[in-house]
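J.: with the input below, show me the fold.
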Amino acid sequence: MRTKTFSLAAVLLAGSFALSAPAYAQEADDKPFDGLYVGGTVGFDAQPNDRGSTVLFDRNLDGTFGDAVVTSTGPNAFAATAAQPGAGFCNGRATSTGLLTACTNDKDNISYSGRIGFDKQMGNVVFGIVGEFGKSEVRDSVSAFSTTPASYTLSRKVDYNANLRLRGGYAFDKTLFYATGGGAYAKINSTFETTNVANAFATSGKNDSWGFVAGGGIEQKLGRHFSIGLEYLYNQYKDGDYRVRVTQGTALANNPFVLAPNTAGTDFRRSDDKFRWHSVRATAQFRF
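T.: As a prediction, the model looks like this:
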């Protein structure tokens, strides 16, 4: 009799738990996007087509760029002529001395990052803050081609980048649509290469760059603690401090970069002082 009583009690208890479990689960996850989370991203970064990007020159070292570099006979050393049609500029990396022979496009590539964030959900509305640290493998170049002929290429890439941004959105049950934006920092690695072996070149400038990111995305809960998503971010960093100074080296005194009366040399810089790219990436989060 006692065994039957215990068995009946066990059945009733199990049935009661089974009936109440969905209610407990719903109560426990009625705010699926509330609290602390950690995660990561992996995606693809693409740069906008920066047509018209050139190299600017400061011929008299007065800090003002836009001077013409002229030869001893008068023509602009970076302007195409019938005799030298390969002179000029391209928004890519030179692979030879001649503009018309080879100039590669900017390099689009993967990106990856880790993230930590916190959300507060009030009804269907979600507000939060998220910080990220990672790296983009994009590379941006611009090249100049002189009538000598010679090529001069300024390139930049990201050593690492980080951002701290707000996000806000609307949750439909376990699906969150959101917008996001905030401040960003990047360590920019700028380099210079040339086929000119006569002049001497020295580089300078800061590699710390500040900017912003903005975009939006969708996040989907797959369980109580795990979610995945798809996100778009526009990235923009101020990057206008990198300089290349060219001096005489072993070149003749009538070399365009040191032509009298400005014999101390010439400074180079890029015409585009913003490093920009678009990011589309998959995200994964563990929510505590």
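
J.: mind giving me the domain split of this structure?
T.: Following automatic domain parsing, the chain resolves into domains at 1-30, 34-287.

J.: mean pLDDT for those domains: which is lowest?
T.: Of all the domains of the chain, the minimum mean pLDDT falls on domain 1-30 (a mean of 43).

J.: distance of Asp58 from Gly205?
T.: 13 Å (Cβ to Cβ, to the nearest Å). Glycine gets a C-beta too; all of them are placed from N, C-alpha and C.

J.: and for Lys31?
T.: For Lys31, the distance to Gly205 - Cβ to Cβ - is 48 Å.

J.: and if you look at Asn161?
T.: 18 Å.

J.: compare these two and say which one has the larger neighbour count.
T.: Asn161 (23 against 13; other Cβ atoms under 10 Å).

J.: what helix or strand is that one located in?
T.: Taking DSSP states H and E as the definition, Asn161 sits inside strand 150-172.

J.: helices or strands up against that strand?
T.: strand 93-94, strand 109-122, strand 125-136, strand 139-146, strand 175-194, strand 208-221, strand 266-270 (3 or more Cβ pairs under 8 Å, 6 or more residues apart in numbering; DSSP states H and E).

J.: looking at these, which is closest to Lys157?
T.: Distance to Lys157, taken as Cβ to Cβ, is lowest for strand 139-146 among the helices and strands packed on strand 150-172, at 4.5 Å.

J.: what's the closest non-adjacent residue to Ala162?
T.: Phe133 (4.6 Å; Cβ to Cβ, 6 or more residues apart in numbering).

J.: just how off-centre is stretch 137-144 within its chain?
T.: 13 Å (Cα atoms, centre = their mean, to the nearest Å).

J.: can you pull up the bridge partners for the spatially closest residue to Ile228 that is not a sequence neighbour?
T.: Distances taken as Cβ to Cβ, 6+ apart put Ala284 closest to Ile228, at 5.2 Å, once the chain neighbours are dropped. Assessed by DSSP bridges, Ala284 has beta-bridge partners Gly40, Ile228.

J.: which ones are touching Ala284?
T.: Applying Cβ atoms under 8 Å, 6 or more residues apart in numbering to Ala284 gives the contacts Gly39, Gly40, Thr41, Phe226, Ser227, Ile228, Gly229.

J.: and those, which two are furthest apart?
T.: Across the contacts of Ala284 (Cβ to Cβ), the longest gap, 15.0 Å, separates Thr41 and Phe226.

J.: higher neighbour count, those two?
T.: Remark: of Thr41 and Phe226, Thr41 carries more neighbours, 21 against 14, as counted by other Cβ under 10 Å.

J.: ok, the more buried one touching Arg281?
T.: Yes - with contact defined as Cβ atoms under 8 Å, Thr41 reaches Arg281; the gap is 4.4 Å.

J.: quickly list what's touching both of these two.
T.: Common neighbours of Thr41 and Arg281 (Cβ under 8 Å, 6+ apart) are Ser111, Glu231.

J.: follow-up on the earlier one: so what's the residue nearest to Ala162 bridging to?
T.: Applying DSSP bridges, one finds that Phe133 bridges with Gly114, Ala162.

J.: my guess is it meets Tyr160, correct?
T.: Yes - here Phe133 reaches Tyr160: they are 7.0 Å apart, a contact under Cβ under 8 Å.

J.: out of the contacts of Ala284, which one sits closest to Arg269?
T.: Looking across those and measuring by Cβ to Cβ, the closest to Arg269 is Thr41, at 32.7 Å.

J.: quick one: contacts for that closest one?
T.: Ser111, Tyr112, Ser113, Arg115, Glu132, Gly134, Glu231, Arg281, Ala282, Thr283, Ala284.

J.: ok, back up a step: could you identify which of the helices and strands packed on strand 150-172 is most buried?
T.: Burial of the helices and strands packed on strand 150-172 is given as mean neighbour count (mean count of other Cβ atoms under 10 Å); strand 139-146 ranks first at a mean of 24.

J.: could you check the angle strand 175-194 makes with that one?
T.: 30 degrees (axes from the mean of the first three to the mean of the last three Cα atoms, to 10 degrees).

J.: gap between strand 139-146 and the chain center?
T.: 19 Å.
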